[in-house]
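Undergrad: Requesting a structural model of the entry that follows:
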Amino acid sequence: MPNLPLPDVDMGLAVLALGILGVVGLAAIVVLEGLVLRNLKWGSLGRSLLDSLLMNAGSTAVGIVLVWIAGDVMLVPGSMGAAIFRLPLTWALSVVIEAGMLVYFRKKPAREVLRPVLLANVASYLLLGTLILVGLLGS
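TA: This next block holds a predicted model:
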């Protein structure tokens with residue numbers, strides 16, 4: 001089974017490895033996390049989607065740099081089962097990067113940004129974790 005890119009930080013790997021398919025995956029994450037932000041009353045739908053794009057652009061850029069620097073170290077050998085163990089690490093890294101993006105660009109305090117970013121990333125990682133488990137059960 002091929003290596004499996006994960007959301008946010010790993011979307012850099014997906015964009016590099018999968019091209020347009022990786023971009024489509026990134027767009028889906030931006031929309032999902034934007035809807036979570038909107039549901040949390042972060043701002044208007046447009047503001048929530050824009051901020052989701054901003055924070056995911058940051059974490060994806062970091063992911064591209066990490067893949068460029070670390071190369072195969074970023075890849076999970078072989079199976080989707082192994083990818084599930086990487087979820088907590090990439091989730092935490094995504095939260096830190098994305099919260100930092102919003103603190104910096106929106107000039108909001110970290111305490112105001114952290115909960116929405118945590119919940120938006122929980123949504124995207126739960127979706128991916130579910131897809132991984134379905135893939136494991138189906139194989």
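Undergrad: Could you check how many residues crowd around A28?
TA: Per other Cβ atoms under 10 Å, the neighbour tally for A28 reads 13. Any C-beta I mention is one placed from the backbone N, CA and C, and that applies to glycine too.
Undergrad: next structured bit after the helix or strand harbouring R47?
TA: Element membership of R47, judged by DSSP states H and E, is helix 45-70. As assigned by DSSP H and E, the chain's next helix or strand after helix 45-70 is helix 80-106.
Undergrad: Could you tell me the angle between that next one and helix 45-70?
TA: Using axes from the mean of the first three to the mean of the last three Cα atoms, to 10 degrees, the inter-axis angle of helix 80-106 relative to helix 45-70 is 120 degrees.
Undergrad: list the buried ones in helix 80-106?
TA: Going by neighbour count (16 or more other Cβ atoms under 10 Å), the buried part of helix 80-106 is 80, 83-84, 86-87, 90-91, 93-95, 97-103, 106.
Undergrad: for the helix or strand following that helix, which positions count as buried?
TA: Next helix or strand after helix 80-106 toward the C-terminus (DSSP H and E): helix 110-138. Buried positions in helix 110-138, judged by neighbour count with 16+ other Cβ under 10 Å: 113-114, 116-117, 120-121, 123-125, 128-129, 132, 135.
Undergrad: next one: helix 110-138 to chain centre, how far?
TA: 8 Å (Cα atoms, centre = their mean, to the nearest Å).
Undergrad: can you tell me the average pLDDT over it?
TA: For helix 110-138, the mean per-residue pLDDT is 84.
Undergrad: which other helices and strands contact that helix?
TA: Other helices and strands packing on helix 110-138, by 3 or more Cβ pairs under 8 Å, 6 or more residues apart in numbering; DSSP states H and E, are helix 20-39, helix 45-70, helix 80-106.
Undergrad: Give the other helices and strands that the first one contacts.
TA: Taking 3+ Cβ pairs under 8 Å, 6+ apart as contact, the helices and strands that helix 20-39 lies on are helix 11-18, helix 45-70, helix 110-138.
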